[in-house]
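# Okay, sequence plus prediction incoming.
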Amino acid sequence: MGLRETFRSLRPDSPGRDKVDMELKHRSPRVGGCHHNQVAAVQVTEQSLQVWRALPAEIRHDPSMASFQMENERIHGSHDEDDDDEVEDGYLEGPEKKNGGRGLSEEPGSSYAGSDFLDIKTRPGDDIATDDEATTHSDHETTNGPGNAKTQARRIHHKSKRSKEQRQRDKLWKRGGLLLFWLLAAVVLISVGEKHLLEKTVEVPQGEQGKFFQLLQKPTGDFRLKIHGAFRELPLLDAAENETLSFGYLTVQPQVSAYVGQNRSKVFQDILPAWRLPLLSEEELVSAPAMGTNRTYQMTQELSELLAAKESEFRLHIYSDVEMDLAIILNYNPLIVNARTGSILAGLILMIFYALLVWELFERPFVAMICSILSVTALACFNGKDIPKKILYHFLTFTIYFLPDRPNMDEIIQWMDMELLTLLFCMMLIILILTETGVFDYLAVFCFEVSRGKIWPMIYSLCLVTCVVSSVLDNMTTVLLLTPVAIRLCEVMQLDPLPVVMGIIVHANIGGALTPIGDPISIIVSTNHFIVENDVTFLTFVAHTFPGVLLAVIQSCLYLRLFYHNINALRRSEPKEVSELRREIRVWQRALNAVASCSKDAQLVKGTLQGKVKQLKRTLRRLQKGVGSSEVYTNTLDELKQKYPIKNKKLLLQSAGALVFVIICFFIQSVPHWRTLPLGWVALLGVILLLIILNRDDMEHLMHRIEWTTLLFFSAMFVMMECVERLGIFACIGELTEHVILSVDKSHRLAMAIFMILWMSALGSSILDSIPVTAMMVKLVTSLVAKPSLGLPLQPLVWALTLGASMGGNGTLYGASANVIAAGIAEQHGYKLSFTRYLRTVFPMMLGQITLMTIYLLVAHIVFGWH
């Protein structure tokens with residue numbers, strides 16, 4: 001049916017008019033109801049009727065224009081409707097006339113084909129919308145004519161040919177780069193043997209004579225001593241500060257032989273400072289477990305000259321001041337990478353790691369494997385001496401001039417955190433079995449019911465639940481449990497799951513900082529013996545971190561609301577109902593723009609049109625916020641409940657029982673006096689219990705569904721981070737932080753210490769993994785507090801470290817383990833969270849959180865002196 005016939009059917013005496021009125025009445029409830037007589041109290045004049053008759057039939061016959069329609073029928077009857085055709089032709093141009101008056105709304109494939117809402121073509125300048133919601137977004141204009149079609153086809157062919165050639169070149173470049181890397185790693189690892197460290201049990205007699213232990217392999221650079229014994233867990237102190245404490249001590253004094261005098265008699269000189277280790281009481285020495293501690297000695301110019309002599313010897317003088325013999329385990333590493341050289345190498349490796357992740361040239365596990373092998377290769381290539389200027393020459397002849405620091409396979413296996421990998425593996429199995437019951441779909445529908453289909457209440461409720469659960473469970477278990485629920489709920493509400501997943505990641509890390517058992521960072525800090533002995537209890541921990549966590553939650557919720565102020569950014573695709581309403585707004589807006597406001601009569605019609613446009617926009621905003629009406633919400637909820645019930649209640653009870661057992665054991669193991677099993681063993685016991693109860697025969701099927709790529713990524717990243725630590729970047733960060741704190745006046749030293757520890761731990765946790773950063777910063781904090789000359793209190797620095805490392809882990813996708821786990825779960829569901837998207841969204845949020853934590857800690861501990 002052509003446009004002219006459509007207009008004729010809209011006449012009051014037309015049989016099709018009833019159908020149109022029914023359609024309009026059917027649509028009016030969808031947009032919240034229309035006021036059928038918006039201008040009843042205003043006198044409708046002949047001039048205003050002329051303006052009304054100039055409008056399209058779609059607008060004229062809307063219930064909101066009923067006053068004009070009834071007045072026109074009263075005065076002129078229905079015969080004036082015959083002139084509508086001439087009026088309507090004024091709105092049609094070009095293709096519409098050529099197509100026999102058929103508008104774009106009738107095109108096959110259009111979502112509005114057969115609809116009464118017409119796509120009105122106005123004169124040039126009339127289609128400029130006055131509101132953002134009334135604008136039309138089009139990707140391109142269709143070109144007509146055979147010449148244009150051939151030109152466009154040729155252009156597309158050349159473009160596709162160029163893109164194909166570019167892809168081939170990119171593949172060759174990547175393949176060539178990987179082959180060069182493989183060649184370098186293969187040559188180094190094959191040519192350089194593994195380093196075998198000296199490890200020996202030494203008996204130390206009582207008295208100052210002690211034990212002289214000769215080291216046959218002299219160090220050629222910085223070297224490290226590691227000793228296991230019954231030591232107190234105190235930070236490394238200077239000799240003068242040690243003397244003020246009433247402990248027994250084990251002293252380790254490195255000595256180098258020299259020949260003096262005319263007779264060239266051999267004497268041993270104390271070139272390096274003594275290492276004094278505080279011992280436990282004599283009653284505890286027999287039964288106390290051994291604790292390992294290490295110290296790195298830097299190669300000095302004087303020591304290097306003495307060791308360069310062929311006849312020189314290097315030994316350790318080990319003695320104690322307790323009245324009993326001691327036994328220790330001595331580990332000697334004769335060559336470690338120089339701190340300056342190693343920091344440069346570690347920085348280059350991290351730059352390569354993040355560059356590959358940002359450009360997404362390879363999959364994440366492959367990138368981690370490449371960088372871990374590269375870091376091991378770096379340890380094997382370079383020694384403790386500075387890299388000479390002729391790098392290429394020495395590099396090509398490293399087998400002659402360089403002594404290797406290549407770690408052996410036992411060390412590499414130790415670097416992989418098997419407890420964490422076991423925990424992840426077992427929790428993945430439990431979650432997979434729970435998924436088969438349909439409980440996550442059921443929980444998604446429940447959250448939909450609680451939030452009443454509203455988008456932001458749903459997001460906020462998920463974030464708050466994540467924060468609370470993460471404060472009592474570790475954040476990795478929290479994201480394993482809640483991420484599948486969030487993804488399923490977003491699919492139900494037709495939302496993009498990735499913004500919600502990022503919100504869960506952020507609040508899992510924030511909630512982990514609330515209690516000493518929330519995440520590995522809090523556990524590392526709260527279980528340090530020096531911190532525990534200084535009255536940092538569970539309640540003290542919660543009392544000081546709660547205000548910071550509360551501020552961070554408020555800031556993150558406000559940030560997400562502002563960042564996604566356009567609700568369409570949260571949607572995967574716009575619902576058909578919303579798109580139809582947008583088109584209806586455009587139709588009315590164009591009609592409004594076509595009415596000139598030069599007379600009072602025209603203003604009367606224009607005011608009615610403006611009221612209709614505002615009403616439609618209000619309805620659009622309601623639809624964008626969630627379910628538009630209670631009737632639609634009820635129908636959707638009933639449909640979801642029927643579609644997603646609990647599939648297997650027996651399996652749900654069995655798997656939920658195993659999960660409850662694991663969670664209860666997690667709580668028990670969080671109490672220091674009750675801790676007997678690592679968390680990985682607890683999860684393994686729960687999985688074995690569940691498999692015994694189920695008696696399943698499809699273990700192979702379950703193993704195929706395990707997210708092995710995430711486990712492989714963690715393993716490779718642990719190796720890379722340990723190599724980066726051995727290259728000295730963590731020590732460099734610690735030395736820089738301590739240097740800046742000591743450089744300020746004593747009256748401002750606490751404020752500077754809070755600021756430096758907070759920001760260095762936050763930025764370090766963003767770039768590096770938050771767990772090794774925390775382990776390094778704990779040592780720095782305890783060493784600063786233990787120096788009486790500094791006069792720094794412990795608690796403000798502990799809170800700065802906890803809040804900085806926990807929230808700093810939000811900075812990048814690889815700042816915390818929970819981030820990687822949640823991204824892996826999302827990718828398993830078909831939603832890939834890229835490094836750049838996460839960085840662009842969350843990194844500014846993290847900077848705002850750390851700024852808030854700085855203000856909170858400075859006000860609490862500098863202004864009010866809470867500690």
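Received the coordinates, thanks.

# Please name the nearest non-neighbouring residue to residue 210.
Nearest residue to residue 210, sequence neighbours excluded (Cβ to Cβ, 6 or more residues apart in numbering): residue 319, at 2.6 Å. For the C-beta atoms, the positions are set from N, CA and C on the backbone; glycine is no exception.

# Over to that neighbour: give its phi and psi.
Residue 319 adopts backbone torsions of phi -150, psi 170, taken as degrees, to the nearest 10.

# Check residue 453 too.
Backbone geometry at residue 453, expressed as degrees, to the nearest 10, gives phi 80, psi 10.

# So it sits against residue 636, correct?
Yes - contact criterion Cβ atoms under 8 Å: residue 453 and residue 636 qualify, at 6.7 Å.

# Who has more neighbours out of the two?
Comparing residue 453 with residue 636 by neighbour count (other Cβ atoms under 10 Å), the higher total belongs to residue 453, at 23 against 16.

# any idea how far residue 635 is from the more buried one?
Noted for residue 453: a distance of 11 Å to residue 635, by Cβ to Cβ, to the nearest Å.

# ditto for residue 175
Residue 175 is 55 Å from residue 635, by Cβ to Cβ.

# Repeat that for residue 698.
Residue 698 is 38 Å from residue 635, by Cβ to Cβ.

# and what of residue 358?
For residue 358, the distance to residue 635 equals 45 Å [Cβ to Cβ].

# what helix or strand does residue 226 sit in?
In the assignment (DSSP states H and E), residue 226 maps to strand 223-229.

# May I have that strand exported as CSV, CA atoms only?
Provided in CSV are the C-alpha atoms of strand 223-229 (Å, rounded to 0.1, in the frame of the first residue of the first chain):
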residue,chain,number,x,y,z
PHE,A,223,76.6,-12.4,47.2
ARG,A,224,73.9,-13.6,49.5
LEU,A,225,73.9,-15.6,52.7
LYS,A,226,70.8,-17.4,53.9
ILE,A,227,70.7,-19.1,57.3
HIS,A,228,68.0,-21.3,58.9
GLY,A,229,68.0,-21.4,62.7
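
# Check which helices and strands it sits against.
Using 3 or more Cβ pairs under 8 Å, 6 or more residues apart in numbering; DSSP states H and E, the elements in contact with strand 223-229 are strand 249-260, strand 275-278, strand 291-297, strand 326-333.

# ok, residues contacting that strand?
Residues from elsewhere that reach strand 223-229 (Cβ atoms under 8 Å, 6 or more residues apart in numbering): 250, 252, 275, 277, 279, 290-297, 299, 316, 326-336, 384.

# ok, now with 7 Å
250, 252, 277, 290-297, 326, 328-336 (Cβ atoms under 7 Å, 6 or more residues apart in numbering).

# do the same with stretch 716-728
336-337, 339, 342-343, 345-346, 349-350, 365, 368-369, 371-372, 375-376, 378-379, 412, 415-417, 768-769, 772.

# and that stretch, how far out from the chain's middle?
21 Å (Cα atoms, centre = their mean, to the nearest Å).

# Then stretch 666-675?
29 Å.

# And the contacts of it?
473, 517, 527, 677, 679, 682.

# Three-state assignment for the fourth one, please.
Meaning residue 677. Classification of residue 677 using DSSP: H, G, I helix; E, B strand; the rest coil returns coil.

# Contact partners for it?
Residues in contact with residue 677, defined by Cβ under 7 Å, 6+ apart, are residue 669.

# Look at it and report its pLDDT.
Confidence at residue 677, expressed as pLDDT, is 81.

# re earlier: so what sits opposite the residue nearest to residue 210 in the bridge?
residue 251 (DSSP bridges).

# Could you tell me how many residues sit around it?
For residue 319, using other Cβ under 10 Å, the count is 20.

# shouldn't it be in contact with residue 251?
Yes - at 5.7 Å, residue 319 counts as touching residue 251 under the criterion of Cβ atoms under 7 Å.

# Using the three-state scheme, assign residue 803.
Here residue 803 is helix, with the state taken from three-state DSSP.

# Helices - which of the contacts of stretch 716-728 land there?
339, 342-343, 345-346, 349-350, 365, 368-369, 371-372, 375-376, 378-379, 412, 415, 772 (DSSP state H).

# What are the boundaries of the helices in the stretch 751-867 of the chain?
Under the criterion DSSP state H, counting those that start in this stretch, helices of the stretch 751-867 of the chain are mapped to 770-785, 795-808, 817-828, 835-858.

# Tell me which of the ones you listed lies nearest to residue 544.
helix 795-808 (5.0 Å; Cβ to Cβ).

# now the closest one: mean pLDDT?
94.

# what about it, distance to the chain center?
In this view, helix 795-808 has its centroid 19 Å away from the chain centroid, taken as Cα atoms, centre = their mean.

# Likewise for stretch 687-704?
Worked out by Cα atoms, centre = their mean, stretch 687-704 lies 31 Å from the chain centre.

# just stretch 168-187 next, same as before
That offset, for stretch 168-187, works out to 30 Å (Cα atoms, centre = their mean).

# What of stretch 834-847?
7 Å.

# Show me what the mean pLDDT comes to for it.
On average, the pLDDT along stretch 834-847 is 94.

# buried set for it?
By neighbour count on 16 or more other Cβ atoms under 10 Å, the buried set for stretch 834-847 is 835, 838-839, 841-843, 845-847.

# hmm, who's touching that stretch?
Stretch 834-847 is contacted by residues 357-358, 360, 502, 506, 556, 559, 563, 766, 807-808, 810-813 when judged by Cβ under 7 Å, 6+ apart.

# what do you get for stretch 430-449?
Identification of contacts with stretch 430-449 by Cβ under 7 Å, 6+ apart yields 458, 461-462, 480, 484-485, 488-489, 492-493, 637, 640-641, 644-648, 651-652, 655, 658-659, 686-687, 690, 702, 705.

# What's the ChimeraX syntax to select whichever of the residues you listed are buried?
Applying 16+ other Cβ under 10 Å to these, the buried members can be selected in ChimeraX as follows:
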select :458,462,480,484,485,488,489,492,493,637,640,644,651,652,655,658,659,686,687,690
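
# if I look at residue 181, how far off is residue 362?
Distance, residue 181 to residue 362, using Cβ to Cβ: 12 Å.

# now residue 471, nearest residue through space, not along the chain?
In space, residue 471 is closest to residue 514, 4.1 Å off (Cβ to Cβ, 6+ apart).
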